[in-house]
Each structure stands twice: as C-alpha cells, then as structure tokens.
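Enquirer: when you get a sec, could you give me coordinates for this:
(chains A and B)
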Amino acid sequence: MGEYTGATADRSAVAAARPVEKWLKRLGLLPWAAPALLFMLCFAFYPLGYSLYISFFNYSLTDPTQAQKFTGLANYLKAFADPAFRIAALNSVLFVTLAVGIQTVLGLAIAVLLNRDRPGAPLVRTLLLAPLTLTPIVVALVWRALYNADYGVFSYYLKELGVHIGRGPIGEPSTALLALVIVDVWQWTPLVALMLLAGLRSQSADLFEAAQIDGASGWQQFWCVALPLLRPILIVALLIRTMDVFKLFDSVFVVTGGGPGYATEVMNHYIFKTGLTFFDMGYAAAMSNLLLVLIGLFTAAYFRAIGQLGVTQ
Amino acid sequence: MTVWRATWLILVVALVVALLPLSSSVAQPRPTLNLVSMSDRFSGALTRMAPEFERETGIKVNVTIQSYAELYSRAIADFVGRTGGADLYTVDIVWTGEWGENGYLLDLTPMIQRDRAAIAYDDVFPSVWKLGGWQGKQYAFPLAAYAGVLAYNKKVLTDAGIKPPRSVPEFAMAIQKLTGDGRYGIVMNGARGAPCAQDWMYHMLIHGGSILDKEGMPALNTPVNVRALTFFADMFKYAPPGATSYAWGDRELAFRSGVAMMQIAWSTGVRAHRDPSMSKVATISDITTLPQAAGAPTRYPLGGWSIGINRDSRNKEAAWQFIKWITSQRMRREFVRLGGEPIRRSETSDSTLLAEFPWFAMVGKSFENADGDFRPRIRQYPRIQDILGLEVNLVITGQKSPKAALDDAQAKAMPLFGR
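Expert: This is a model prediction of the structure:
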C-alpha cells in the first residue's frame, strides 16, 4: 500500500515537473548560458557597438561644447590618410610577424628539448614560468634599464664584444623595434613552449614506436608524426600570441614612447594617445575598429596558411 | 512654586542650548575628502599631513597618488562624466587653461578674495599664481612651484676654471670643454614625446623663442626657434650617447652619478642632487639661473602644481578649508620640509628653511622673473607638445633638419587652431 502510494506520489511529482521540463527543453541551454550571455552583452557587445557608433562622430571628450557631430566614414578615411597611423599599422604587422615567428620556432625547440626526460628538466620547466609571472610593465622597466646605452648591462656586453652600439639598442631607429621584439620574445616564448610541451606530452608513444619500426628517423618522426598532431595546439598558440602582440602597449609606452621618431610606433600605442591623452574619441574608436579588423584578417590568414600546411603533410 | 518652575524651565533651556552644537554635529557628520595627487615629491607631504588636518578639523582626507598620465585620464573621466569621484585634484600648470576653460574646476577667485588676508595673498610670488590661474580667474591654488635652473657639478667646473655660464655662448663653450675622459658636458632628455619636447622648450626660452606669437597662434618655425633647435641637437654630441632615449629619471641619474656635468632641470630635483644616498655629487653640485642668449628677455621657466576643487564635489567648503590649511603660512614650513616646494616669498627667505635648503634663495630669484607660459597653458598644449615631441626627436636622431622639423610641426599645429 505504502509502495503503491509512493509510486503515485512520484508520478504526480513527475507530472508536475513536466511543464517545467518541457519549458527547459524548449529553451535548451539558454537558461544556463543566460548569465554568461548577459555578461557578454554588457561588457563585450555593448562597448563594441558603442565604439562602432562613436566612430562615425567627431567627438572630443575635452571639447567644452561636448558637441558630437556625425561625420560618417570621415574618421576611417582620416586613418587611411594619416601617415602616423599607416606607419603604426606597418610597424604592428612587422612586430607581429617577427615576434610570433621567433616565439613559435623557439617555443617549439624548447618544447621538443624538454619533452625528453633529461636531468634538470623539471627545474627548467619551472624556471620557464618566471617571465610569465611578471607584469609587462615591470618587464618593460627592467629592459629599459638593461638597454640603457650608458649604464645598461646589455649595452655593456655589446661594447665588450666590440659591437658599436651608437645611441644604444633603443636609441637607434634601425634597432629599436627589434629591441622591443626581444623583450616580447623573452617574456612570451615560455608560454608557447609550455603549450606545445603539453601537446607533445599528450601524444601516444605507440605512434612513435610504430614509426620507428617502419624505419623513420628521429627527424622524420618529429616532422611527419609529432608536428601534424601538434597542429591544433600550434594554431591555438599562434592565435593567442598574434592577438596579444597586436595589442602591444606596455613595452612601447615604457621603453621607447614610440620613438626614436616613428620607429616603434604601433597601433595600440597610437590609439591610446589619441583616445586617452587627447580624448579624440571618435577617431580613436575608428582606429580601434580598424585594429580589430586587422587582427581578424591576420588571424584568418594564419588559419588558412596553417590549414594548408596541414593538408600537404 | 512659581520660582521653582521658572528655575526648572531655565535649566532645561540652558541644557538644550548647551546640547545643540552636539546634536548638530551628530546630525551633520564631518565629510571625507578625496584628493587625487600626482606622484611627485610633494605627494608624500600631502599623505603625511592629511591626518594632522583630520585631528584639527575632524575632516578626513583620503589621498590617492597616481602617475601623471593616470591622474590626467582619471580626472578627465571624472569631470566629463560629472561623477564627483574626487573633491580635490592636483593640477599641472599646463592643464590650467584646458581645465579652466572647460569649467572642470571650481573658480576659487571669490573665496580667495574673501579670505585674502587669511591666506596671506601677497606673500605668494606673483608669477606663481599662474599655477592654477587662467584668464583672470584662479581655478586652483599654487601648491608646489618649480623653477627651471641650471644644475652643475661645481667641483669639475671650478677645477676646469669655468664659471657657471651666464650667456648661451659661454654655455656652449663650457659644455664642450667639460666633455671628455668618460664624462659629458651636459645631459638632456631625448626620448620621443614630452621628455624631449619639454627639454627643448627650456632651450627655446633661453634663446628668446616662444611657441605662440603675440596673437596666440602657433609660431614654431621662427628663425629663433630653429636656432634653438639647432643648438639643442648640436649639444647632444656632448651628452651621453644614450641621451636620445632619456627621460627625466635617466637625465637625473646621469647628473647625480657624476657622468654629466650640467643639466637644465626643475628645482624640485635639487634635494636628490644633495642627498648622498642618491647622489655621487651631493657635496659638489650647485644650481644657478639659466644662461640667456644676447638680446633675449630675462625669463626663467616656471612649472609646478596647484590644487583645485572639482566643480562636482559635494564638499566644496571642506575642500576649500583643506586648501587654505595646506597652503597657509603656518603649515607651509612642514609641507616644504616633507617634500613640497616653495610658493611664498617667506619660504625662500626664511632663515630656518634656508639653513636646510640653501638653494631656495636662488629659486626665489628665479620666481621673480619666471615665465609660466613658456609651455603655453592653452587647451591645445598637449597636442603641440606631442607634435614637438616627435619632430624634435627626429632632429636629434639625425632623421630631419631643424628647419624641416619645425616647418612640419607648424603645419601640424595650425589645424588645431582652426587654420
């Protein structure tokens, strides 16, 4: 009797729950994703939309009249005609190509080296984390001191080696950008290395044993087995670094201020100056949107190039 | 009985009257002031003196210290958003025009006039009122005034038989003679942006040049300015090789470490020059007024900070009370000792202060002929400084000639004035 009653109660509870269940099924994952969506809406899509909106206006925050005049695409056209912005865009692309390229090659090399269990490898892996734990502004300040042509350690050793350093690595227009690339490579290569190391570690040993039985050399095992399998992680690492390097700011701000001349002026620094030093919000918003498009194009090109590389393997 | 009643009534009334101030103080709690200050030598004095003000008045002052760029950005966001986030801001002399013109700060003129005697108005150097003064109104009260001075290594100059230069040719001669054997005659800021733009403006001033003409329009490529820029770029040959990427900290280090023999700098740095824990030239450095070009009017650079009240502050009276207190003759001695810089004649002639800070006499002399407008305090100044910061840097790194650079600077500056 008790059992029968219990079953009835269960059924009625299930029946009562059905409309809620149906409602939840109809909504799918929406209720669970709603907080995240709301967050994205407030803190990502709204600012993005607003940035797009104000990019069509001549809007200066420090204008006493606070007038916002609609100018259509004028801010975008101004950016294309602005020599400083064009140079900044070129510098950004050059910086991304150099920094991400070097970080990938070096990161891969370090990952392969650390993948073999050699004495001291755990210690090296721990030490690799050190640059990542430092804030970019601290790193920039340290490197600024290292690069100082008169007191810097870096310059001292270059002089000792007989290298004529002139105004120093950050004082010469020909070397300043490369000097900043070195700072970025120093700080972020370990991240790429650790990501790729995790990828290598997740690869099955059976595959390499099979390749070895088939007579593949060490290089062939790496090139034909390990690297293609590593491709998804390589893509993620490249994407993260590409997007991040395009947003380069701290080292430019602290070490060179965009100089000498235009040598290290990059898009993010130029946008910062326009938006947060001169408060020319419309123009800064337009340039930010162009940076967003450039990052999108660059990322897509990366994807495509790496995808094609994968097909040929 | 009637007498008893009357007595009781009087006692009750007396008690109520006696408790009234207490009740009003309970009903109206003392405000808390938020002060955002530049991270400069004087900010330590503000932080350390704020509790003393609270003890005296019951008004708490929260001091937030920020870097130059952060302070400017935060203040503008606060002013434009009308959030009243801070009651008090320290104001760089070059922001005065923009902040005054835009009405971001409360006009202190009526309060200053009202309390003229209490604040000892006439004791403040007339030139120093430009810190915070704009077009006849005082938007901020002078807090720490800086004189642009020539700092030099007295021992090395004396050993070389060179007197502190009084004219530009003497200056050039001294720079050249003092260079050699691992030491440099001068050090200047060469880093792109504000560092090199501002250092060049010192040289522009001593050559008799200016940024604006008499009509207030840009006059960057005048012959005298070209001459000043040529001189500035030439002197880099006698500066440490890395000086083209130096900012203020590097320049100071080169002087204090005894590598560079002279520099034009703000007087606020002299304390560090004389501090043996920070300087190798602590006992052998001195300052003097800047050398002048022949025929140029005697004008010395004036810079520094004032303190103003946010127009949207909800505690304006309390904020004014704090300004009066911190700038009063009574508190200034402590303020200066803790890191502040003088604004009053009494501070540069006070024997007790002079015993501790002997260079204040020279600073006072500079204030008597100070020019607070050599970096024009107009709304467009940040843009002009940025333009010059690029063009001057291109010249000193050998990428452009002085004439071409200033022609380009002039062409970029004119649209800022609607031309």
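Enquirer: next, give phi and psi for B:Met261.
Expert: phi -90, psi -20 (degrees, to the nearest 10).
Enquirer: and for it, the neighbour number?
Expert: 29 (other Cβ atoms under 10 Å in any protein chain shown). (Glycine included, C-beta is placed from N, CA and C.)
Enquirer: how close does it get to chain A?
Expert: 14 Å (Cβ to the nearest Cβ, to the nearest Å).
Enquirer: kindly report the residues of chain A close to chain B.
Expert: A:61-62, A:64, A:66, A:148-152, A:155, A:165-168, A:170-173, A:256-262, A:273, A:276-279 (Cβ under 8 Å from any Cβ of the partner chain).
Enquirer: at 6 Å instead, please
Expert: Residues of chain A lying close to chain B by Cβ under 6 Å from any Cβ of the partner chain are A:61, A:64, A:148-150, A:167-168, A:170-171, A:257-261, A:276.
Enquirer: residues in contact with stretch B:351-369?
Expert: Stretch B:351-369 is contacted by residues B:125, B:127, B:147, B:267, B:270, B:287, B:289, B:298, B:300, B:342, B:347-348 when judged by Cβ atoms under 6 Å, 6 or more residues apart in numbering or on different chains.
Enquirer: out of those residues, what pair is the most spread apart?
Expert: By the measure Cβ to Cβ, B:Thr298 and B:Glu347 form the most distant pair in the contacts of stretch B:351-369, at 22.5 Å.
Enquirer: those two: which is more packed in?
Expert: Higher neighbour count among B:Thr298 and B:Glu347: B:Glu347, with 25 against 12, using other Cβ under 10 Å.
Enquirer: which ones are touching that one?
Expert: B:332, B:336, B:353.
Enquirer: which element, helix or strand, includes it?
Expert: Per DSSP states H and E: B:Glu347 is located in helix B:345-349.
Enquirer: pull out the buried positions in that helix.
Expert: The neighbour-count check on helix B:345-349 (16 or more other Cβ atoms under 10 Å in any protein chain shown) flags B:345-348 as buried.
Enquirer: show me where pLDDT drops low in the stretch 101-250 of chain A?
Expert: Within the stretch 101-250 of chain A, no stretch falls below the threshold (pLDDT under 70).
Enquirer: where along it do the helices fall?
Expert: A:121-133, A:136-147, A:153-160, A:176-201, A:205-213, A:218-221, A:227-246, A:250-251 (DSSP state H, counting those that start in this stretch).
Enquirer: dump the ones you listed into JSON lines; add distance to B:Pro218 and mean neighbour count as well.
Expert: Formatted as JSON lines, the helices of the stretch 101-250 of chain A follow (distance: least, Cβ to Cβ, whole Å; neighbours: other Cβ atoms under 10 Å in any protein chain shown):
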{"stretch": "helix A:121-133", "distance to B:Pro218": "45", "mean neighbour count": "12"}
{"stretch": "helix A:136-147", "distance to B:Pro218": "32", "mean neighbour count": "18"}
{"stretch": "helix A:153-160", "distance to B:Pro218": "38", "mean neighbour count": "14"}
{"stretch": "helix A:176-201", "distance to B:Pro218": "29", "mean neighbour count": "21"}
{"stretch": "helix A:205-213", "distance to B:Pro218": "70", "mean neighbour count": "12"}
{"stretch": "helix A:218-221", "distance to B:Pro218": "64", "mean neighbour count": "12"}
{"stretch": "helix A:227-246", "distance to B:Pro218": "35", "mean neighbour count": "18"}
{"stretch": "helix A:250-251", "distance to B:Pro218": "33", "mean neighbour count": "23"}
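Enquirer: I'd like the ones you listed laid out as JSON lines, including distance to A:Lys78.
Expert: Below are the helices of the stretch 101-250 of chain A laid out as JSON lines (distance: least, Cβ to Cβ, whole Å):
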{"stretch": "helix A:121-133", "distance to A:Lys78": "38"}
{"stretch": "helix A:136-147", "distance to A:Lys78": "30"}
{"stretch": "helix A:153-160", "distance to A:Lys78": "39"}
{"stretch": "helix A:176-201", "distance to A:Lys78": "25"}
{"stretch": "helix A:205-213", "distance to A:Lys78": "55"}
{"stretch": "helix A:218-221", "distance to A:Lys78": "52"}
{"stretch": "helix A:227-246", "distance to A:Lys78": "21"}
{"stretch": "helix A:250-251", "distance to A:Lys78": "27"}
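Enquirer: from the contacts of B:Glu347, which is closest to chain A?
Expert: Closest approach to chain A among these (Cβ to the nearest Cβ): B:Val336, at 30.3 Å.
Enquirer: give me the neighbour count for that closest one.
Expert: 23.
Enquirer: now it: which helix or strand?
Expert: Per DSSP H and E: helix B:329-337 holds B:Val336.
Enquirer: residues of that helix that come out buried?
Expert: Across helix B:329-337, burial judged by 16+ other Cβ under 10 Å covers B:331-333, B:335-336.
Enquirer: now do that helix, average pLDDT.
Expert: Averaged across helix B:329-337, the pLDDT comes to 95.
Enquirer: can you give the distance of that helix from its chain's centre?
Expert: From the chain centre to the centre of helix B:329-337 is a distance of 17 Å (Cα atoms, centre = their mean, to the nearest Å).
Enquirer: need the contact partners of that helix.
Expert: Residues outside helix B:329-337 that contact it (Cβ under 6 Å, 6+ apart): B:45, B:120, B:325, B:347.
Enquirer: can you put the residues you listed in a markdown table and add distance to B:Ala411, secondary structure and pLDDT?
Expert: Output for the contacts of helix B:329-337, formatted as a markdown table (distance: Cβ to Cβ, whole Å; DSSP: H, G, I helix; E, B strand; the rest coil; pLDDT from 0 to 100):
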| residue | distance to B:Ala411 | secondary structure | pLDDT |
| --- | --- | --- | --- |
| B:Ala45 | 44 | helix | 96 |
| B:Ala120 | 47 | coil | 95 |
| B:Trp325 | 49 | helix | 97 |
| B:Glu347 | 44 | helix | 95 |
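Enquirer: of all pairs in those residues, which one spans the longest distance?
Expert: Going by Cβ to Cβ, the pair spanning these furthest: B:Ala45 and B:Ala120, at 19.0 Å.
Enquirer: can you redo the buried residues of helix B:329-337 as a markdown table with distance to B:Phe255?
Expert: As requested, these are arranged in a markdown table below (distance: Cβ to Cβ, whole Å):
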| residue | distance to B:Phe255 |
| --- | --- |
| B:Met331 | 32 |
| B:Arg332 | 28 |
| B:Arg333 | 28 |
| B:Phe335 | 26 |
| B:Val336 | 23 |
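Enquirer: just the closest of the residues you listed to A:Asn115, please.
Expert: B:Phe335 (62.4 Å).
Enquirer: what segments of chain B are strands?
Expert: B:32-38, B:60-66, B:88-92, B:133-134, B:137-138, B:140-153, B:262-266, B:285-288, B:300-309, B:370-371 (DSSP state E).
Enquirer: these into a markdown table, with extra columns for mean neighbour count?
Expert: Shown next, in a markdown table, are these (neighbours: other Cβ atoms under 10 Å in any protein chain shown):
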| stretch | mean neighbour count |
| --- | --- |
| strand B:32-38 | 21 |
| strand B:60-66 | 18 |
| strand B:88-92 | 27 |
| strand B:133-134 | 22 |
| strand B:137-138 | 20 |
| strand B:140-153 | 27 |
| strand B:262-266 | 25 |
| strand B:285-288 | 21 |
| strand B:300-309 | 26 |
| strand B:370-371 | 21 |
